[in-house]
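Undergrad: Return atomic coordinates for the entry below.
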Amino acid sequence: MPATATTVRSRPRVLPGHGLFWLLAAALAAGFYFIDGLDALLTAWQRPEYSHGPLIPVLSGLLFLRQLKEYPPETGPVRDRWVGVLVLLGAIAFGTAGKLANISDIVAYATILWVGAILLIGFGWNRGKHFWPPVLHLIYMLPLPAVLYFKVSNSLQFISSELGVQFLRMLSVPVYLEGNIIDLGVLRLHVADACSGLRYLFPILSFSYIFAVLYRGPIWHKAVLLISAVPIAVLMNSVRIAVAGVLAQKFGVEWLEGFTHFFEGWVVFVACIALLFLLARVMLFFHERRMGLAEALDLDTTGLGTQVLRLRNVQASGALIAAVAVMVAVNLAWLALPQRNGTSIERDPFTLFPRQLADWEQTGPREILPPEVERALQADDYHSVNFVHAVSGAPVGFFSAWYADQSNGGIHSPEICLPGSGWEIAWLQRLDITEEIGTEMPFNINKAVIQRGESRMLVYYWFEQKGRKVAWDFAARFYLLADGVRSGRTDGAIVRLTTPILDGETEAAAQERLTGFLKEVLPPLPRFVPQL
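TA: Residues are numbered from 1 along each chain as shown. Below you'll find the predicted structure:
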């Protein structure tokens, strides 16, 4: 009798009720709490780079059902469900940070953790961890963080431009590359964001991930298939650019409209898939078992309907009911919080920026950026002017862009923009100039020398984040998140100063000029870029 009692006490408690009901309740409560993230996904999926997004949950679901066949239903008690509750709490904390900061992408990322948590609650840690490959595949439906997106997009543009030009030269087509601009003599092609290859890269990465999961070869084969997706997509994008250049030279730019729409779609994607299959077939030649490609891929889809019906057997465990209770509680707590619409920010528009700064005087009118640059910049206010010194006549360029809300993109670094316009970064370093400037708070800047042909310029730039002078763009995003959580403010700015390095002039002389101007521009700057 004591032994029986001990056995009963050791069993994890399964509370009365229908498990499917509690699972649906958890999903509804999570959908309500993570609604900002789901809305961000729907918005991102309307962009060409992420238009594959709606397919990812479907593919992940099929991948999960296929793996579920390998694990028959549990007959005994599941003792390790509470690990999933801990992961659920982590997902809630992550999502709450995104909601407080009004950064909906972070809320979207938290939904992936939530899905993984529910699997661990349903199957326990020992079994549930085997179903995380389908969960990780959901990452491919998420939009990249804005800073990372700009860096990846521009890197791919540069690589694609370089390779595309090399292919054109191999075809004996005279061509010159300046940044992302391909000069064919009779016309100039701009390798813009649409030509970066991202719209192929994300679907190819998703496909290669599923391909690797279904592949029965050794681990190193799977790793090669995953890693090769990036160079394959970039290679095919470069081929597309080269073919576009040939067509433009022979038939004119008007031919590119129809060609680009067709070739950048299914043709490039199918070619990338074909190269992945070819790579897998080549690797199978080195496998100890001489398998064909069809044998090496586990494509058995029988019995998936039976696995769907297993949802009826979901147990109403204490962990699952606790998950529902926690989700309902955080929803109620969020609704009870005072509404945070952000702080009203008072600032002067840049149109009131002084034309005279000590011995520096503005020369010429304010520069208006081209419409396509303004769209890419997405700033709420910006100012681009040139100043000259009254005595030396040396010029300095001042540029600043201010954002009332950076939660949906916002600032990106000149490190990304300048090379695209043909300027090359000769060198770049981060400096702390607090002592040199004499400020109380740390003053960190990026100092760079850029060149185009024989022209050279010295550049200072930094990010303004509520009075902080931040050099690193990822650190600026961290402060954005922290400020959003604490105060609801997500405003910020970037400031860039440039001066040419004149013939016969040293970098030290140009630096002294730029530092002198910096000291004069700092006092009026808080009127236009709020510090606190």
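Undergrad: in the stretch 401-532 of the chain, which ranges drop under the pLDDT threshold?
TA: By pLDDT under 70, the weakly predicted segments of the stretch 401-532 of the chain are 409-411, 416-422, 532.
Undergrad: do the same with the stretch 251-400 of the chain
TA: By pLDDT under 70, the low-scoring segments of the stretch 251-400 of the chain are 252-265, 340-344.
Undergrad: for it, what spans make up the helices?
TA: Ranges of helices in the stretch 251-400 of the chain, per DSSP state H, counting those that start in this stretch, are 254-262, 268-284, 293-296, 304-309, 318-336, 371-377.
Undergrad: Let me have these in CSV, adding distance to residue 54 and mean neighbour count as columns.
TA: C-beta here means a position set from N, CA and C on the backbone, and glycine is covered the same way. Listed next are these as CSV, based on distance: least, Cβ to Cβ, whole Å; neighbours: other Cβ atoms under 10 Å:
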stretch, distance to residue 54, mean neighbour count
helix 254-262, 21, 12
helix 268-284, 16, 16
helix 293-296, 28, 12
helix 304-309, 20, 12
helix 318-336, 25, 17
helix 371-377, 26, 12
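Undergrad: Make a markdown table out of these and add distance to residue 185.
TA: Below are those laid out as a markdown table (distance: least, Cβ to Cβ, whole Å):
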| stretch | distance to residue 185 |
| --- | --- |
| helix 254-262 | 16 |
| helix 268-284 | 27 |
| helix 293-296 | 45 |
| helix 304-309 | 57 |
| helix 318-336 | 61 |
| helix 371-377 | 24 |
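Undergrad: buried residues in the helix or strand where residue 457 lies?
TA: In this structure, residue 457 sits in strand 455-465 according to DSSP states H and E. For strand 455-465, the neighbour count (16 or more other Cβ atoms under 10 Å) marks 456-465 as buried.
Undergrad: Closest one of those to residue 189?
TA: residue 457 (25.6 Å; Cβ to Cβ).
Undergrad: Surely the closest one touches residue 425?
TA: No: the pair residue 457 and residue 425 fails to qualify as a contact (Cβ atoms under 8 Å) at a distance of 10.5 Å.
Undergrad: overlap in contacts of those two?
TA: Shared contacts of residue 457 and residue 425 (Cβ atoms under 8 Å, 6 or more residues apart in numbering): 449-450.
Undergrad: now the strands: where do they sit in the protein?
TA: Under the criterion DSSP state E, strands of the chain are mapped to 176-178, 181-183, 188-190, 356-357, 360-363, 381-389, 395-403, 424-432, 444-452, 455-465, 468-470, 492-500.
Undergrad: Output these as JSON lines; include the columns distance to residue 24.
TA: Listed next are these as JSON lines, based on distance: least, Cβ to Cβ, whole Å:
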{"stretch": "strand 176-178", "distance to residue 24": "56"}
{"stretch": "strand 181-183", "distance to residue 24": "54"}
{"stretch": "strand 188-190", "distance to residue 24": "50"}
{"stretch": "strand 356-357", "distance to residue 24": "64"}
{"stretch": "strand 360-363", "distance to residue 24": "64"}
{"stretch": "strand 381-389", "distance to residue 24": "47"}
{"stretch": "strand 395-403", "distance to residue 24": "40"}
{"stretch": "strand 424-432", "distance to residue 24": "51"}
{"stretch": "strand 444-452", "distance to residue 24": "50"}
{"stretch": "strand 455-465", "distance to residue 24": "42"}
{"stretch": "strand 468-470", "distance to residue 24": "45"}
{"stretch": "strand 492-500", "distance to residue 24": "41"}
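Undergrad: which stretch among the ones you listed comes nearest residue 302?
TA: Of all these, strand 188-190 sits nearest to residue 302, with 50.0 Å by Cβ to Cβ.
Undergrad: The closest residue to residue 315 other than its chain neighbours: what's it in contact with?
TA: Using Cβ to Cβ, 6 or more residues apart in numbering and skipping residues adjacent in sequence, the residue nearest residue 315 is residue 19, 4.8 Å away. Counting by Cβ under 8 Å, 6+ apart, residue 19 makes contact with 313-317, 320.
Undergrad: and which of the residues you listed is nearest residue 26?
TA: Closest approach to residue 26 among the contacts of residue 19 (Cβ to Cβ): residue 320, at 6.8 Å.
Undergrad: Among the buried residues of strand 455-465, which pair sits farthest apart?
TA: 456 and 465 (29.9 Å).
Undergrad: quick one: residue 30 and residue 92, what's the gap?
TA: Residue 30 sits 9 Å away from residue 92, going by Cβ to Cβ, to the nearest Å.
Undergrad: okay, the two: which has more neighbours?
TA: Higher neighbour count among residue 30 and residue 92: residue 30, with 26 against 22, using other Cβ atoms under 10 Å.
Undergrad: returning to that earlier point: return the member of the contacts of residue 19 nearest to residue 125.
TA: For residue 125, the closest of the contacts of residue 19 turns out to be residue 317, at 13.2 Å, with distances computed as Cβ to Cβ.
Undergrad: looking at it, the closest one is touching residue 79, isn't it?
TA: No: with contact defined as Cβ under 8 Å, residue 317 does not count as touching residue 79 (10.4 Å).
Undergrad: For the residue nearest to residue 315, give its distance to residue 39.
TA: Going from residue 19 to residue 39 by Cβ to Cβ gives 29 Å.
Undergrad: same check, this time on residue 327
TA: Shown here: residue 327 relative to residue 39, a distance of 18 Å by Cβ to Cβ.
Undergrad: Also residue 428?
TA: From residue 428 over to residue 39 the distance is 37 Å, taken as Cβ to Cβ.
Undergrad: Span of stretch 449-459 from start to end?
TA: End-to-end distance of stretch 449-459 (Cα to Cα, to the nearest Å): 6 Å.
Undergrad: Over to stretch 338-345?
TA: Start-to-end, stretch 338-345 (Cα to Cα) is 19 Å.
Undergrad: What of stretch 373-392?
TA: 32 Å.
Undergrad: Nearest residue to the middle of this protein?
TA: The chain has residue 144 as the residue nearest its centroid, 1.9 Å off, counting by Cα atoms, centre = their mean.
Undergrad: For burial, what's the neighbour tally of the residue nearest to it when sequence neighbours are not counted?
TA: In space, and not counting its chain neighbours, residue 144 is closest to residue 152: 6.6 Å by Cβ to Cβ, 6+ apart. Counted by other Cβ under 10 Å, the residues lying close to residue 152 total 17.
Undergrad: same question, the one 5 residues further on
TA: The number of residues packed near residue 157 is 26, by other Cβ under 10 Å.
Undergrad: Quick check, it in contact with residue 180.
TA: Yes: contact criterion Cβ under 8 Å: residue 157 and residue 180 qualify, at 5.1 Å.
Undergrad: how does the chain divide into domains?
TA: Structurally, the chain divides into domains by automatic domain parsing as follows: 10-144+300-336, 146-265+281-288, 350-528.
Undergrad: Distance to residue 274 for the ones you listed - can I get that in JSON lines?
TA: Below are those laid out as JSON lines (distance: least, Cβ to Cβ, whole Å):
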{"stretch": "domain 10-144+300-336", "distance to residue 274": "18"}
{"stretch": "domain 146-265+281-288", "distance to residue 274": "10"}
{"stretch": "domain 350-528", "distance to residue 274": "31"}
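Undergrad: how about the ones you listed, which one is nearest residue 294?
TA: Proximity to residue 294 (Cβ to Cβ) singles out domain 146-265+281-288 among these, at 10.4 Å.
Undergrad: Start and end of the closest one, how far apart?
TA: End-to-end distance for domain 146-265+281-288, by Cα to Cα: 45 Å.
Undergrad: before we move on, the earlier item: pull out the buried members of the contacts of residue 19.
TA: Going by neighbour count (16+ other Cβ under 10 Å), the contacts of residue 19 have 314-317, 320 buried.
Undergrad: Bridged to residue 383, which residues?
TA: For residue 383, the beta-bridge partners are residue 400 (DSSP bridges).
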